[in-house]
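Below is the structure, and that's it, no one-letter string:
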DNA sequence: GATGAATGAGAATTCATTCAT
DNA sequence: AATGAATGAATTCTCATTCAT
């Protein structure tokens, strides 16, 4: 339970590795060699494998980090506004965050990283939060009542994909949001 | 310039290789070894590399095949109905077709397959056709006039992603389509 | 069933690899790197792994080769003489053959190479043959009747170990044989 | 020359490390990682390497400990009985002790631990003692007079190997001893 | 043209050993 | 003295690609 707190330098290395891994997995896919990640982080491979006993473990840790971050932001946004606004702003937030990362996510799934405890825990947490958001927005009449959580999550991923493919055109991105968010409203 | 026509057996081999490659890249990602593709196709690796000098070339060929198929279907649908209906049915068609293939597409992109002539040609063709469809639907007042081709393509990819993530629930899939297609209509 | 006959060059490579592996595993233990074995055999590592998909598989193949050889020699000796003489000459033969190889055998056992079909088959065959030899010599009154096959095999291994440790002194080696062979006779 | 006496805790650590190393090298071979030995002994790797500057040094220390123990027991037995009985009981003792340890001994040899001072010293001591035992038994007419120390040592090792291979069957083990001990007697 | 054996540059992972804390 | 984090050479195995048959 009580993981001994890492020595300062070890913690720094771990953080650096995680940062580098997040960056490269995200932008170049999970094919990037562990060796390169270590080198970029300024440590030896041995250090990488001391912190993450497997490449898969590293992938998972990256995933967990991303989810934690998202969860925190969702929590913050959800608390700050009425149900409808909370729902829509979270939708935007999550989409924006996932941009540039779908290749990574897909690869993770394809690699069959079978969601271990840590990962599942985070996933559940976000899932619960989003479930609450969706229900709130539906009660407020802002979202089609027939939509379930799975469709919501799928739309989240899909919109992220769309925005990602669009590249750097903010006006076009806005039009994508308009389409999806309008589509989410009761008709 | 004029490629000498392949001997009958060579053509058969090429076709078989393409079929197998399409299947495995689509279902298991681009990580599948060339050797396995060759074996499944019932030929030696040498033959594979004779027809496709590079794994990347094989990927591209698979891509071209899929695009040709899609283009043909789009052409058929586009001819068979009024502009609005043509647009919407093509949208569905392309989405359904891309299901289960995004991992492949992403991988292709990530691999930096820099769109050669053959590929570009097909892409352009579909692009033109879709451009026409979109314009038609917009003229008919069935689709928001402010949407451009890029957004349309992005929504296509995104909806595919959403449907893919949803898995096998046809009712939920239908709800995804409802959201996106309603969102596409003028508001 | 019908393993396609290897191409001449492939067969040559396989044989060379096996010879080199037998040599180095025997003299230097199983720790010798696959890479070195390949290099010594004059082929690339890839070739080694094509013929023996695993280092363990290579170990096993070496083992099988050695057993086959022994079995053939035992068969020959066993046919050539009366039961007592057959027994004693086979004992000597097997001991002499195992010299310098116990480190290898032990390592194999320690590595938990869990005796696959091919290996087991050979082991059984030799075992059966030796069982017959032992029974014959016992019926002829040349060997203590209370000894079972396991003790016989253990003495074989032990005498091999003794001879091995002794090094190159033929007279001393002969004295070891005298002790053990005299000890085997009824008292 | 005079090694400064270790602090009490350091001595404890050293002893614990040696005990653990003896145990694991004996039962699992010399492949066990130093890290694991240290952890099992309840110390850090650094401590292990402070006491034994090399893994090989640790192997040697283990060896020395085992030899000291054997030497003490041999001395005790040798003093307690007539020459013949002393000889035979020491033979049994040394064989029983070496059971389960041959893999370790072989590995040591294979690793080329070139017998340093400490090790050689112990070896010599035992060697001398056994030489005395053997001569005594030969003078008493209990052992073949033509046997030299090398053959005796080789038979010791070989019988150990035989007994080891036999496993847990005490009656069979006894039969092995009968064969070898009878063989040792003048004929 | 077809075959599949050979190649060898990686890739992930381990482990003895060093060194900052 | 003790600790355990860091190191990086070494190891096994994979796979795109070439080339002798």
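Thanks, I have the structure now. Just so it is clear, the structure is predicted and the values come from calculations on it, not from any experiment.

ok, and the helix or strand in chain A with the lowest average confidence?
Ranking every helix and strand in chain A by mean pLDDT, DSSP states H and E puts helix A:102-110 at the bottom, with a mean of 56.

wait, does the helix or strand sitting right after that one along the chain make contact with chain B?
Proceeding N to C from helix A:102-110, the next assigned helix or strand is helix A:117-139, under DSSP states H and E. No. Applying Cβ under 8 Å from any Cβ of the partner chain, one finds helix A:117-139 separated from chain B by no less than 12.9 Å. All C-beta atoms are positioned from the backbone trio N, CA, C, and that covers glycine.

Report the rounded mean pLDDT for helix A:117-139.
For helix A:117-139, the mean pLDDT works out to 86.

what mean pLDDT does the helix or strand just after that helix have?
For helix A:117-139, the succeeding helix or strand toward the C-terminus, using DSSP H and E, is helix A:149-166. For helix A:149-166, mean pLDDT is 90.

And for stretch A:75-89?
Across stretch A:75-89, the average pLDDT comes to 89.

is chain B contacted by it?
No. For a cut-off given as Cβ under 8 Å from any Cβ, stretch A:75-89 has no contacts with chain B; the smallest distance is 13.4 Å.

So what are the structural domains in chain A, by residue number?
Per the record, chain A has its domains at A:1-53, A:55-184, by automatic domain parsing.

Quickly compare those domains and say which is most buried.
Of all those, domain A:55-184 carries the top mean neighbour count, a mean of 18, counting by mean count of other Cβ atoms under 10 Å in any protein chain shown.

ok now it, how far from the chain's centre?
Domain A:55-184 has its C-alpha centroid displaced from the chain centroid by 7 Å (Cα atoms, centre = their mean, to the nearest Å).

what distance separates the start and the end of it?
End-to-end distance of domain A:55-184 (Cα to Cα, to the nearest Å): 39 Å.

anything in it near DNA strand F?
No. Shown here: domain A:55-184 not in contact with DNA strand F (Cβ under 7 Å from any atom of the strand), separated by at least 12.5 Å.

Which residue is it, in chain A, that comes closest to chain D?
For chain A and chain D, the shortest gap (Cβ to the nearest Cβ) falls at residue A:50, measuring 10.7 Å.

Which residue is the nearest non-sequential neighbour of residue A:187?
Spatial nearest neighbour of residue A:187, chain neighbours left out: residue B:182 (5.4 Å); criterion: Cβ to Cβ, 6 or more residues apart in numbering or on different chains.

how close does that neighbour sit to residue B:176?
Going from residue B:182 to residue B:176 by Cβ to Cβ, to the nearest Å gives 11 Å.

same thing with residue A:136?
Applying Cβ to Cβ to residue A:136 and residue B:176 gives a distance of 21 Å.

residue contacts, residue A:177?
Contact analysis of residue A:177 by Cβ atoms under 8 Å, 6 or more residues apart in numbering or on different chains lists A:92, A:95, A:159, A:163.

Mind naming the longest helix for chain A?
Using DSSP state H to define each element, chain A has its longest helix at helix A:55-79.

And that helix, what does it pack against?
Under the contact definition 3 or more Cβ pairs under 8 Å, 6 or more residues apart in numbering or on different chains; DSSP states H and E, helix A:55-79 sits against helix A:8-28, helix A:34-41, helix A:83-98, helix A:102-110, helix A:117-139.

close to DNA strand E, is it?
Yes. Under the criterion of Cβ under 7 Å from any atom of the strand, DNA strand E is reached by helix A:55-79 at A:55-56.

Tell me which residues are up against that helix.
A:17-18, A:21-22, A:25, A:30, A:34, A:37, A:48, A:52, A:86, A:89-90, A:93-94, A:97, A:101, A:104, A:108, A:111, A:113, A:116, A:118-119, A:122-123, A:125-126, A:129-130, A:132-133.

hmm, back to that, which among the domains of chain A is found nearest to residue C:43?
domain A:1-53 (26.4 Å; Cβ to Cβ).

How far does that closest one sit from its chain's centre?
With Cα atoms, centre = their mean as the basis, domain A:1-53 stands 19 Å off its chain's centre.

Over to stretch A:174-187?
Relative to its parent chain, stretch A:174-187 has a centroid offset of 22 Å by Cα atoms, centre = their mean.

So for it, mean pLDDT?
Regarding stretch A:174-187, the rounded mean pLDDT is 96.

Would you mind measuring from residue A:52 to residue A:43?
As judged by Cβ to Cβ, residue A:52 and residue A:43 stand 12 Å apart.

who touches both of those two?
Common contacts of residue A:52 and residue A:43, defined by Cβ under 8 Å, 6+ apart, comprise residue A:17.

my guess is residue A:142 contacts residue A:181, does it?
No. Checked against Cβ atoms under 8 Å, the pair residue A:142 and residue A:181 is beyond contact range at 9.9 Å.

Appreciated, that's everything.
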